[in-house]
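*Asks:* Just need the structure, nothing else, for what follows:
(2 chains, ligands or ions: 2)
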Amino acid sequence: MGRLATITRRTFLVGAAVVAGGAAFGYYKYQQPYANPLEGDLAEGESTFNPYVKIGTDDTITVIAPRAEMGQGVYTTLAALVAEELDVTLDQITIEHGPSSPAYFNEAGFRDGAPFAAFDRGFVADAVRSTLGVASKFLAIQMTGGSSSTIDAYDKMRHAGAVAREMLKAAAAEKLGVPAASLKTEAGQITDPASGKVLTYGEVALDAARRDPPSDVTLRDRSKWKILGRSQPRRDMPAKVTGAPVFGIDVDLPDMLYATVRMNPQPGGGMTRFDDSQAKSMRGVKKVIAIDSPYGKGIAVIADNTWRAFQAAQAVEIEWADGPGPRSSDDVSTLLDETLATDDFFSLRTIGDPDVAFADAPREKIVEAVYDAPFLSHAPLEPMNATARVKDGVLDIWAPNQVPTVMKMVGGRITGFEDAQINVHTTFLGGGFGRRLEPDFSDYAVRIAMETDGRPVKVTWTREEDVSHGPYRPIARGRYRAVMDDNGLPKALVGSVASPSVIAGMVSRIMPGITPAGPDNTLVHGAFDQPYGIPNYRIDGYKLPLKGIEVASWRSVGNSYNGFMHESFIDELAHAGGKDPLSFRRELMKDYPAALAVLDKLEEISGWNTPLPEGKARGMAFTLSFGTWVGEVVQVADVDGSVRIEKVWCVADPGQVIDPKNFEAQMMSGIIFGLSAGINQKITFADGAVEQSNFHDFDAMRMSQCPQIDVAILENSDHMSGAGEPGLPPVMPALANAIFALNGKRVRRMPLNEEIDFV
Amino acid sequence: MKLQVNGAFHDVDVEPDMPLLWVLRDELNIKGPKFGCGAGLCGACTVIIDGQAVRSCQTFASDVTTDVRTIDGLAKGDTLHAVQQAWLDEQVAQCGYCQAGQIMNAVALLENNPNPTDADIDDAMSGNLCRCGTYPRIRAAIKRAAATKVEA
Ligand code: FES
Ligand code: FES
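*Replies:* Numbering: from 1, shown residues only, chains lettered A, B, ... in the order given. Ligands and ions are numbered 1, 2, ... in the order given. Here you go, the predicted structure:
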């Protein structure tokens, strides 16, 4: 924890963290691998080759996919990386999430924290990326997020498969008395073509695992792939169509108790007193306790059934203390304006000299607009929950979570246990979207488990508790200005974006007491890093000094609001310049071939140039996020004054796709998640507390509203990039731009239903 | 009280106002129906009673007098129900949390209306929320299941 705190202070806010090369950490240490966490926990007859592969003498082949399966298909995709090189079929392996271990640190997620645009592959940008990659190993955070899992695993896990295969071949070669190079491997078997002899992996596994791993394996060329690059049936699908108990909320242990929490609805507020006399007398209630955690103050009810705990929690009379945060949404709005009026901002990339361009510009050439995006709840369909047991000096946490090493840290802080006394079991997640990067649900569960005399306790939140407590996607306001030239193109563009810092929030929640300073790139992601050739161009980030209300990563993070603002503004500029929005972007992106190819394809599949009948219109937007180039067109129709979203076309270029059908699903998922937010979601405050509580006032898109969605995939970009998030950012502005094309109404504030009725 | 679930009878001793969802999940350890909202807003808890899709979080266990069908009893041994098979074929699920409810809702739809139009599907399924956005594939899977049943 000490080490983590120091390093984090230096590097987490990477805008301020250009630490020189590996020097800050010691290159030698970086080269040392972490211990294989599978070593200590092998079944009879099982051996492990590296942190990703276990093989039993009975031919069970287990692959560890150490990232959270939250719907994105990572369980199958990561296993496929190993299977491709190990020469096993996907249906012959067992896939496990595996233990929580620093060996599974996420490097790609951190490299992407570098404060540069994805297309900036210059020396400085790449040097910082590699520094962050080194730092990631020392932070050793096992994290699923940032659309990074496949990229991080791409080499590591193929390599793990290849190394194990070579070790198996070497053992077989010795046994058969032939050179290893002459042996063939396929579907878990080793064949000697000369003699026709066949050995299974299980038969040589024990010998093979004792050998030194080869240091010089070469990974197979794409052209040789049998599994990767093709759509594979998801291995989690059978469990999910049969209702199998695979989620955290389904955990069932002998002697288990059930609990729930009720925390102060005012963020950051305390609890003055509570009266549990009625609650305690209710059927099945075992105990009512106070929770005093860095993440909230309130009570927990421990009972013999979840519903009884819910009922009793409502029956506790509680006196809350006010929180330190704003009393109302109007107060937050005032703070946004005040913050934008200061000159305390950071800029990560300045092209030309925008200030001079504005100073010289005639008034009629200036275009200005202000955009707003609200706080949002993640509201994954599985409510927050975790199960914990503290028994015989061992803490076990079963949790649907995106960051098991942090869950471990939190558990250690509460119990005082060492790492070795804590096990984190990561279940499938009923949705994550960033919410399950947060430590609160595990923290509460561990505190409650300290009170149950060694009995496991499953803590389930109500939906109301989930929606009315953050952390939330931050609120944001963006003030955009541009100067147009005589050819209808922008000569200068400056965007000023105010929003609370997600990274500062996350760091201070993982390590209470630490308040990171410095720029936060996520605040300007989706705006400062876009491939537009505007000669004078700058995005300024203003960190909103917001107290009380916690903000977090929410699918696509800053891109989720900056995409809306930046791309709405680009659309406004196209109209100001008298140009077609697609051709306008083509002119501005002419130096970026990957972007141009996306635009061409989008024009083609959406029939962009075919006129639509009266009462229908299209809008488009483009956002490069997480390295993936994405353009989207939304088609809307007027239905008696309401808007129906009819179709969405999406063209995405992630460089390389491992599983096309799954990639398509992720794009659709991002689009629907974005449209849900765009059409009607917001979290607002009154009397210091959140006003929304369940899906009646924080709804998401329903099937009857869901458009037809077509996805096309391109592979022109030269870096492999993410899938989980990049589909989302362009869809909200594309919708707003389509509405403008439909009825001339420019909606600059999300959610759009404040001004538009949707069918 | 006695409760019949997927053909089997269970004795349960619970308050009359305990929702069926929690009797199934916490008393009988039948985990197919999921808790999503507890307020009839999301459909994750959908079961079938008397041929109708019912939100088990809004149904008192004490009001149930006939068999409750949950996803746990939908497949016959190793053979998936046609709707489950269609879900597999279309690779519908993402996180999967809503899918038990979606599938039960679709089963009830197809039992009552073997050849639903697009509008019928939208109408019947709109009470079932999916935060992962699997709606396009759910539509495709329902059509596929309808087509297989017609052929059969
Ligand atoms: S849990 Fe029953 S409808 Fe949501
Ligand atoms: S698949 Fe995740 S909520 Fe539907």
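*Asks:* what's the single longest helix in the chain?
*Replies:* Let's take chain A. When every helix of chain A is counted residue by residue (DSSP state H), the longest turns out to be helix A:149-176.
*Asks:* was after chain B, sorry
*Replies:* Looking across chain B with DSSP H, the single longest helix is helix B:135-151.
*Asks:* May I see the buried residues of that one?
*Replies:* Buried positions in helix B:135-151, judged by neighbour count with 16 or more other Cβ atoms under 10 Å in any protein chain shown: B:135, B:136, B:137, B:138, B:139, B:140, B:141, B:142, B:143, B:144, B:145, B:146. For the C-beta atoms, the positions are set from N, CA and C on the backbone; glycine is no exception.
*Asks:* The nearest residue to the first one once chain neighbours are set aside - how many residues pack around it?
*Replies:* Spelled out, that is residue B:135. In space, residue B:135 comes closest to residue A:706 once its chain neighbours are excluded; the distance is 4.1 Å by Cβ to Cβ, 6 or more residues apart in numbering or on different chains. Residue A:706 is flanked by 25 other residues according to other Cβ atoms under 10 Å in any protein chain shown.
*Asks:* Now do the same contact list for the residue in chain A positioned nearest to ligand 2.
*Replies:* Across chain A, the shortest distance to ligand 2 (Cβ to the nearest ligand atom) belongs to residue A:381, at 4.0 Å. Taking Cβ atoms under 8 Å, 6 or more residues apart in numbering or on different chains as the definition of contact, the neighbours of residue A:381 are A:430-431, B:34, B:36, B:42, B:44, B:95, B:97-98, B:129-132.
*Asks:* Is it possible to get JSON lines of those that adds secondary structure?
*Replies:* Supplementary listing: those in JSON lines, determined by DSSP: H, G, I helix; E, B strand; the rest coil:
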{"residue": "A:430", "secondary structure": "coil"}
{"residue": "A:431", "secondary structure": "coil"}
{"residue": "B:34", "secondary structure": "coil"}
{"residue": "B:36", "secondary structure": "coil"}
{"residue": "B:42", "secondary structure": "coil"}
{"residue": "B:44", "secondary structure": "coil"}
{"residue": "B:95", "secondary structure": "coil"}
{"residue": "B:97", "secondary structure": "coil"}
{"residue": "B:98", "secondary structure": "coil"}
{"residue": "B:129", "secondary structure": "coil"}
{"residue": "B:130", "secondary structure": "coil"}
{"residue": "B:131", "secondary structure": "coil"}
{"residue": "B:132", "secondary structure": "coil"}
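*Asks:* same for ligand 1: which of those are within range?
*Replies:* If you filter the contacts of residue A:381 for contact with ligand 1, counting by Cβ under 6 Å from any ligand atom, you are left with B:36, B:42, B:44.
*Asks:* Nearest to residue A:651 among the residues you listed?
*Replies:* Each of those was scored against residue A:651 by Cβ to Cβ, and residue B:42 proved nearest at 32.1 Å.
*Asks:* what about dumping the CA coordinates of stretch B:93-105 to CSV?
*Replies:* These are the backbone C-alpha positions of stretch B:93-105, laid out as CSV (Å, rounded to 0.1, in the frame of the first residue of the first chain):
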residue,chain,number,x,y,z
ALA,B,93,-26.5,-12.8,-24.2
GLN,B,94,-23.9,-10.3,-23.2
CYS,B,95,-23.7,-10.0,-19.4
GLY,B,96,-26.7,-12.3,-19.5
TYR,B,97,-28.3,-10.9,-16.3
CYS,B,98,-31.6,-10.0,-18.0
GLN,B,99,-31.7,-13.1,-20.2
ALA,B,100,-33.6,-15.5,-17.9
GLY,B,101,-36.4,-12.9,-17.8
GLN,B,102,-36.2,-12.2,-21.5
ILE,B,103,-36.4,-15.9,-22.4
MET,B,104,-39.3,-16.6,-20.1
ASN,B,105,-41.1,-13.6,-21.5
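*Asks:* Count the neighbours of the closest residue to residue A:603 other than its chain neighbours for me.
*Replies:* Taking Cβ to Cβ, 6+ apart, and ignoring the residues beside it in sequence, residue A:603 has residue A:582 as its nearest neighbour in space, at 5.8 Å. Burial of residue A:582 is recorded as 20 neighbouring residues (other Cβ under 10 Å).
*Asks:* what secondary structure does residue A:582 sit in?
*Replies:* Judged by three-state DSSP, the three-state class of residue A:582 is helix.
*Asks:* who's in contact with the residue nearest to residue B:135?
*Replies:* A:672, B:133, B:135, B:136.
*Asks:* where does the first one land in three-state SS?
*Replies:* Going back to what we said before, that points to residue A:672. Taking three-state DSSP, the label given to residue A:672 is helix.
*Asks:* centroid residue for the chain?
*Replies:* With no chain named, the answer covers chain A. Nearest to the mean C-alpha position of chain A, counting by Cα atoms, centre = their mean, stands residue A:145 at 3.4 Å.
*Asks:* oops, I was thinking of chain B
*Replies:* Relative to the centre of chain B - Cα atoms, centre = their mean - the closest residue is residue B:104, sitting 2.3 Å away.
*Asks:* Next one: the closest residue to it other than its chain neighbours from residue B:25, what distance?
*Replies:* In this structure, residue B:104 finds its nearest non-sequential neighbour in residue B:46, 4.5 Å apart by Cβ to Cβ, 6+ apart. For residue B:46, the distance to residue B:25 equals 13 Å [Cβ to Cβ, to the nearest Å].
*Asks:* Low-confidence stretches in the chain?
*Replies:* In the absence of a named chain, chain A is used. Low-confidence regions of chain A, defined here as pLDDT under 70, cover residues A:1-32, A:131, A:134-135, A:137-138.
*Asks:* that's the other chain; I wanted chain B
*Replies:* Of all residues in chain B, those with pLDDT under 70 make up the ranges B:150-152.
*Asks:* the domain parsing of it - what is it?
*Replies:* According to automatic domain parsing, chain B comprises the domains B:2-73, B:82-147.
*Asks:* Adding distance to residue A:139, write those domains out as CSV.
*Replies:* Compiled in CSV, these are given as follows (distance: least, Cβ to Cβ, whole Å):
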stretch, distance to residue A:139
domain B:2-73, 34
domain B:82-147, 27
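*Asks:* most packed of the ones you listed?
*Replies:* domain B:82-147 (a mean of 23; mean count of other Cβ atoms under 10 Å in any protein chain shown).
*Asks:* In chain B, what residue spans correspond to strands?
*Replies:* Counting by DSSP state E, one finds strands in chain B at the ranges B:2-5, B:8-11, B:46-49, B:52-55, B:68-69.
*Asks:* Get me the contact residues on chain B for ligand 2.
*Replies:* B:93, B:94, B:95, B:96, B:97, B:98, B:99, B:130, B:131, B:132, B:134.
*Asks:* Quick check: the nearest residue in space to residue A:510 that is not next to it in sequence vs chain B, distance?
*Replies:* Of all residues not flanking residue A:510 in the chain, residue A:406 sits nearest, at 5.5 Å (Cβ to Cβ, 6+ apart). Using Cβ to the nearest Cβ, to the nearest Å, one gets 20 Å for the distance from residue A:406 to chain B.
*Asks:* what's around residue A:406, how many residues?
*Replies:* By the measure other Cβ under 10 Å, the count of residues near residue A:406 is 24.
*Asks:* just residue A:579 next, same as before
*Replies:* Other residues within reach of residue A:579 by the criterion other Cβ under 10 Å amount to 17.
*Asks:* ok now do it, which residues does it touch?
*Replies:* Counting by Cβ under 8 Å, 6+ apart, residue A:579 touches A:488, A:587.
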